[in-house]
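In: here is my input; please provide its structure:
(chains A and B)
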Number of protein chains: 2
Amino acid sequence: MNEFDLIRQYFTRPAPSAVLGVGDDAAILRPTPGQDLHVSVDMLVEGRHFFADVSPQALGHKTLAVNLSDMAAMGAKPRWAFLSLAMPRLDEAWARDFSRGLFALAGQHGVELAGGDTTRGPLTLSITIMGETPQGKALRRDAAQVGDDVWVSGELGLGAIAVAVRNGQLVDAGLSEDVLAACQCKLDFPLPRLELGQALLGVARAAADVSDGLLADLGHILTASGVAAEIRADSLPSLPPLEAQRERWLDYLAAGGDDYELCFTAPQAAREAVAAAGKAAGCRVTRIGHIVAGSGVRLLDGQGAVMTLNKAGYDHFA
Amino acid sequence: MNEFDLIRQYFTRPAPSAVLGVGDDAAILRPTPGQDLHVSVDMLVEGRHFFADVSPQALGHKTLAVNLSDMAAMGAKPRWAFLSLAMPRLDEAWARDFSRGLFALAGQHGVELAGGDTTRGPLTLSITIMGETPQGKALRRDAAQVGDDVWVSGELGLGAIAVAVRNGQLVDAGLSEDVLAACQCKLDFPLPRLELGQALLGVARAAADVSDGLLADLGHILTASGVAAEIRADSLPSLPPLEAQRERWLDYLAAGGDDYELCFTAPQAAREAVAAAGKAAGCRVTRIGHIVAGSGVRLLDGQGAVMTLNKAGYDHFA
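Out: Below you'll find the model as predicted:
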């Protein structure tokens, strides 16, 4: 099996909405007239974004999931993906399992793999994802306004706990097998909040996905919008056993990466609409604070005093 | 300087034709109504696609150039690029020089860098390029017809000679300093044939760019079109000193990679139009053979006898 056989067998599936899919110098697409086209790329490197022993199927899922999460954060409906894949050797079993994980998630969301590139090198994956929203309706980072509520979807901290357990930094976690399994599942098979993102169009104002940690990603919204936020530490949502010990897990909840939840702002008048969007998307949504004038984010305890964290957001070069 | 400073300082330039450029979860683009959108990705890995000691500026040029070459092969006008960059450490001088090379070429062709991703890892570069053609007018690989002429742009073999010299596989090349410098320049600063590709819309039928070697890339056209080709070895264009010893350099001309020329087919009735397109694009175009029924490519000597090569096309995993 050579490079071209591998592409044909494992990475070529029908892409009926593309004019021309895998196999030419470029794919040819016809975006929907009147829609804005959203494009994002995310690269995953072995040892940094995933462990060397992760299952190829989980990796196929996760590589696409982290890209779909960017579409979710814009409120976009994803349509096409392009895959750049460097691998140390032509490993057919790996490619088969990786492509299964990728296409299983792609199929769930109607995403077509329309092209890509394969080469030899240290295991590195880069996906370009393309999606659409009605023109001018996207959830941009620069749209937060003073007085908005700050919301977050799902549960925080699980991905970071799984990483810490794997790294041996969290030896005596005192967490049940069930909780640890849920954390591991969140790390390996994150679910991009696509339904929620699309349901929030016209309801929320600004949004970002939580990949580097809640406070860091919220910080991007604040910087882009020229505003500040106050977040109540005791409101951060997680699994019940973690919520029961919020103080112990605060670093993970507030600053842990790898959650792929959505953090967003919405006018106070939209509280019922946000709750309805969460319900429609089958996804918990929690109000965790509000936007104020100024800059930066303040994490407050139950008495309204400012708290400090041990962890900051994730910087790939720190 | 952290990751975000680096992106801001070296990879954020105005992208006036994007609704939203670098800095959000995704870029927002509005492709031109009535145009087809072309998308391609190409990944470059250190030690495979470039030498570790190549200048960062040349690498910035080449990373974009090989992607623009895919747009050229479709006849597309390139518009937006997205960069995924993994580097071993945050090296500001490297990033500055790399971005200079990248933006110099981007500026020449009106291409905007609209987004990307930066992470730590073995030096790996992946660009997604997006361009446009009028609907249904692209130069696809599957459009060659029996009776078409086969053409190639520019000069062949230079990139492969430069690689062989650098690898020590070609010690006593007997080539002048001038010729060797021209080969090195072609390897480091390939010029994508964008003007030619666009000038060939409505003139040529099928096209591909020559990245893996003329016969290999022509082979992709033949397979996609269900036809065969006969190529005259003594017609393959190169620099005069190489043409003067075609037999010695035949492997390089016919099967050497890294040329980024265009190989295309056109009806015999279009010979004058092809010549005019070459002239308009300031680019040599040479007729090297023709399309026949059957499959595969036959390289013929001056007497019409079939020749065999020592080299085959490039397979990243061979």
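In: just list what the lengthiest helix in chain A packs against, helices and strands only.
Out: In chain A, with assignment by DSSP state H, the single longest helix is helix A:56-74. Packing partners of helix A:56-74 (3 or more CB pairs under 8 Å, 6 or more residues apart in numbering or on different chains; DSSP states H and E): strand A:35-45, strand A:77-87, helix A:92-108, strand A:124-134, helix A:177-188, helix A:194-199, strand A:207-210. C-betas here are computed from N, CA, C, even on glycine.
In: which one of those is the most hemmed in?
Out: Highest mean neighbour count among these (mean count of other CB atoms under 10 Å in any protein chain shown): strand A:207-210, with a mean of 28.
In: give the buried residues for stretch A:140-148.
Out: The neighbour-count criterion (16 or more other CB atoms under 10 Å in any protein chain shown) identifies A:140-144, A:148 as the buried residues of stretch A:140-148.
In: go back to these and keep what's next to chain B.
Out: Residues of the buried residues of stretch A:140-148 in contact with chain B (CB under 8 Å from any CB of the partner chain): A:140-142.
In: how about the worst-scoring helix or strand of chain A on mean pLDDT and chain B, touching?
Out: When the helices and strands of chain A are compared on mean pLDDT, DSSP states H and E, helix A:3-10 comes out lowest with a mean of 84. Yes - between helix A:3-10 and chain B, judged by CB under 8 Å from any CB, the touching residues are A:3-4.
In: and that helix with strand A:77-87, angle?
Out: Relative orientation of helix A:3-10 versus strand A:77-87 (axes from the mean of the first three to the mean of the last three CA atoms, to 10 degrees): 140 degrees.
In: helices or strands up against helix A:3-10?
Out: Short answer (3+ CB pairs under 8 Å, 6+ apart): helix A:3-10 packs on helix A:92-108, strand A:112-120.
In: can the last one be said to contact chain B?
Out: The one in question is strand A:112-120. Yes - using CB under 8 Å from any CB as the criterion, contacts between strand A:112-120 and chain B involve A:114-120.
In: show the average pLDDT along that strand.
Out: The pLDDT scores in strand A:112-120 average 92.
In: run the chain-centre distance for that strand.
Out: Its chain's C-alpha centre lies 21 Å from the corresponding centre of strand A:112-120 when counted by CA atoms, centre = their mean, to the nearest Å.
In: same question for stretch A:31-43.
Out: Distance of stretch A:31-43 from the chain centroid (CA atoms, centre = their mean) equals 17 Å.
In: all strands of the stretch 201-318 of chain A, in order?
Out: A:207-210, A:228-232, A:261-266, A:285-292, A:296-300, A:306-307 (DSSP state E, counting those that start in this stretch).
In: give the contact list for A:L300.
Out: With CB atoms under 8 Å, 6 or more residues apart in numbering or on different chains as the criterion, the residues that contact A:L300 are A:230-233, A:289, A:306-307.
In: one step back: now, the ones next to chain B among the buried residues of stretch A:140-148 that are in helices?
Out: When these are checked against helices using DSSP H, none is located there.
In: of the residues of strand A:112-120 next to chain B - the most surrounded one?
Out: Going through those with other CB atoms under 10 Å in any protein chain shown as the criterion, the one with the most neighbours is A:G115, at 30 neighbours.
In: look up the closest residue to that residue, ignoring the ones flanking it.
Out: In space, not counting the residues next to it along the chain, A:G115 is nearest to A:A27; the distance is 4.1 Å by CB to CB, 6 or more residues apart in numbering or on different chains.
In: how about the one you found, phi and psi?
Out: A:A27 has phi and psi values of phi -80, psi 150 when expressed as degrees, to the nearest 10.
In: what pLDDT does it get?
Out: 92.
In: can you name the residues in contact with stretch A:215-229?
Out: Stretch A:215-229 is touched from outside by A:140-146, A:150, A:206-211, A:231, A:254-255, A:263, A:265, A:289-299, A:309, A:312-314, B:23-24, with contacts defined as CB under 8 Å, 6+ apart.
In: for that stretch, which positions count as buried?
Out: Within stretch A:215-229, the residues that count as buried by 16+ other CB under 10 Å are A:215-222, A:224-225, A:227-229.
In: between the residues you listed, which sits nearest chain B?
Out: A:A224 (6.9 Å; CB to the nearest CB).
In: how far does the least confident helix or strand of chain A sit from the chain's center?
Out: Its chain's average C-alpha position is 29 Å from that of helix A:3-10, according to CA atoms, centre = their mean.
In: list the helices and strands the following helix or strand past it packs on?
Out: Moving toward the C-terminus from helix A:3-10, the next helix or strand (DSSP states H and E) is strand A:18-20. Contact partners of strand A:18-20 among helices and strands, from 3+ CB pairs under 8 Å, 6+ apart: strand A:27-29.
In: listing partners with orientation, what would you give for the strand it packs on?
Out: Partner strands for strand A:27-29, per DSSP bridges, with pairing direction: strand A:18-20 (antiparallel), strand B:35-45 (antiparallel).
In: of the contacts of A:L300 - the most surrounded one?
Out: The most neighbours, when these are compared by other CB under 10 Å, belong to A:G289, which has 23 neighbours.
In: enumerate every residue touching it.
Out: Contact analysis of A:G289 by CB under 8 Å, 6+ apart lists A:149-150, A:229-232, A:235, A:300.
In: just A:A199 next, same as before
Out: Going by CB under 8 Å, 6+ apart, A:A199 touches A:277-278, A:280-281.
In: next one: it from A:L262, what distance?
Out: According to CB to CB, to the nearest Å, A:A199 and A:L262 sit 11 Å apart.
In: could you do A:L187 as well?
Out: With the distance defined as CB to CB, A:L187 ends up 18 Å from A:L262.
In: again with A:L214
Out: Taken as CB to CB, the spacing of A:L214 relative to A:L262 amounts to 11 Å.
In: right, I'll call it a day here.
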